[in-house]
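# Have a look; sequence and predicted model below, questions after that.
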Amino acid sequence: MLPADPDAPASSPAPLPPATPSRALSFDGAAAQYAAARPGYPPALFDAVEELARRPLRGARVVDVGAGTGISTRLLHERGARVTAVEPGAGMAEELHRSLPHLPVVRGDGNHLPLATASADLITYAQSWHWTDPALAAPEALRVLRPGGALVLWWNVSDHSVPWIAEQDARLRRFFGTGDSAHGSPVRPRDLTSGLHFAHRRVPWSRRVSLDTHLANLGTHSAFLVLGAEPARGFLAEERDRLAELFPDGTVEERYVVDLGVAISPGPPSHAP
């Protein structure tokens, strides 16, 4: 196990900008890497979504907002949902359409959904609600949802109960110097200010990937993308050296806890196709 090194000097990149639209669109330049390296989600997550949303995904009309390259879109489709993807970034939308050409992709964002009123059974945000203004996005979700439909939010959060992941998190926070980690963050109540009651569930899971894929995954987080190539490359090279000692066979087990929140819109549930 690599020991934490609190006395090690941290690099000093320029301060990160806040979560602005330009930062949200920083993923466009790394769409292919994002599609290849980002983790998916376990089947147990979608079991929990069905339980908390009080309806099966099969046959449901689902709007996947901030769909990115389609990681969640694909899995929802494989569960039998009729999915429409909404994505603001041209590069991400292009990658999504390339990999899922049979599914509709609409350019837009959660603050102003380009969709008809009462047209969706579920609206999902996988890793993307934090890019919205909840004061705008929550009323838009309620407008587009059918009565009894569900607003579903989730995030993959690295499991910091695992020592090496906690140590990496500390290094990331020292490097960025702003509280950013690239490990994801649990849902905070103030991020869900919508007048809706959210039921919560935490779903643990893991995946085994190559060291190259692990580092590529880190590199697709906006905290790195807005810094530019050189500062990111320096940190990731140092991280490679550390992790190569810890995982000499070159395989990393990433452990996550998916933080899930589901809110039911007012009115009776609709199971209409």
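Sure thing, it's come through.

# Strands along this protein, start to end?
Under the criterion DSSP state E, the chain contains strands at 61-65, 82-87, 105-107, 120-126, 145-158, 198-210, 251-264.

# Give me the packing partners of the fourth one, helices and strands only.
Spelled out, that is strand 120-126. Packing contacts for strand 120-126, counted by 3 or more CB pairs under 8 Å, 6 or more residues apart in numbering; DSSP states H and E, involve helix 43-53, strand 61-65, helix 71-78, helix 134-144, strand 145-158. (Each C-beta comes from the backbone N, C-alpha and C, glycine too.)

# Return the list of strands paired to that strand, each annotated with direction.
Using DSSP bridges, the strands paired with strand 120-126 are strand 61-65 (parallel), strand 145-158 (parallel).

# among these, which is the most enclosed?
Of those, the one with the most neighbours on average (mean count of other CB atoms under 10 Å) is strand 61-65, at a mean of 27.

# mean confidence score for it?
Here strand 61-65 scores 98 as its mean pLDDT.

# Kindly report the same for stretch 211-221.
Averaged across stretch 211-221, pLDDT comes to 92.

# Could you tell me which residues within it count as buried?
Residues of stretch 211-221 classed as buried by neighbour count (16 or more other CB atoms under 10 Å): 211, 213-221.

# quick revisit: tabulate the helices and strands packed on strand 120-126 (CSV), appending distance to residue 128.
Shown next, in CSV, are the helices and strands packed on strand 120-126 (distance: least, CB to CB, whole Å):
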stretch, distance to residue 128
helix 43-53, 15
strand 61-65, 6
helix 71-78, 9
helix 134-144, 10
strand 145-158, 8
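
# okay, and for the stretch 1-150 of the chain, where does confidence drop off?
In the predicted model of the stretch 1-150 of the chain, residues 1-30 satisfy pLDDT under 70.
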